[in-house]
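Trainee: the following comprises the amino acid sequence and a computationally predicted model.
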Amino acid sequence: MTNPLPPPAKPSLKQRLGQLFATYGQVAIYTYVVLAVLSFAGAYLAIRLGWQPRSIAGQGASLGAAYVLYKVGMPVRIAAALLLTPVVARCLVWLRGARSR
């Protein structure tokens, strides 16, 4: 006999990120925000190291290019948050336990 029901669909990254926030709360939010800030700063720094604008408009272009690079990297950043948040939460629990001893 075959199963008439199709297998359940895999949740999207957005849905999994929402589940992560619901499960881990502030730890997930802080982890994602830190990853986002580091990602944007890294993109900006990479662009600035390779290209030295000489005007205000050029500096704005650097920020714009960094933002585009930041947005392109969003799936990687979300995947990193999904992987790192449980690790960060376990580390925080371990550190709190070590302090209470």
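Mentor: Looks like it arrived, so ask away. Bear in mind the structure is a predicted one, so any value in this text is a computation, not a measurement.
Trainee: quick check: what element follows the lowest-mean-pLDDT helix or strand in the chain along the chain?
Mentor: Scoring the helices and strands of the chain by mean pLDDT, DSSP states H and E places helix 56-72 at the bottom, with a mean of 80. Using DSSP states H and E, the helix or strand that follows helix 56-72 towards the C-terminus is helix 74-100.
Trainee: tell me what angle that following helix forms with helix 56-72.
Mentor: When axes from the mean of the first three to the mean of the last three Cα atoms, to 10 degrees is applied, the directions of helix 74-100 and helix 56-72 differ by 80 degrees.
Trainee: what's the host helix or strand of residue 30 packed up against?
Mentor: In the assignment (DSSP H and E), residue 30 maps to helix 26-50. Judged by 3 or more Cβ pairs under 8 Å, 6 or more residues apart in numbering; DSSP states H and E, the packing partners of helix 26-50 are helix 13-24, helix 56-72, helix 74-100. Quick note: C-beta positions are derived from backbone N, CA and C, even for glycine.
Trainee: including mean neighbour count, could those go into CSV?
Mentor: What follows is those, written out as CSV (neighbours: other Cβ atoms under 10 Å):
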stretch, mean neighbour count
helix 13-24, 14
helix 56-72, 13
helix 74-100, 13
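Trainee: grab the most central residue of the chain for me.
Mentor: The residue lying closest to the centre of the chain (Cα atoms, centre = their mean) is residue 77, at 3.3 Å.
Trainee: low-confidence ranges in this structure?
Mentor: Within the chain, the segments meeting pLDDT under 70 span 1-3, 51-59, 98-101.
Trainee: same list, the helices and strands packed on helix 26-50, but as JSON lines with distance to residue 5 please.
Mentor: Formatted as JSON lines, the helices and strands packed on helix 26-50 follow (distance: least, Cβ to Cβ, whole Å):
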{"stretch": "helix 13-24", "distance to residue 5": "20"}
{"stretch": "helix 56-72", "distance to residue 5": "37"}
{"stretch": "helix 74-100", "distance to residue 5": "27"}
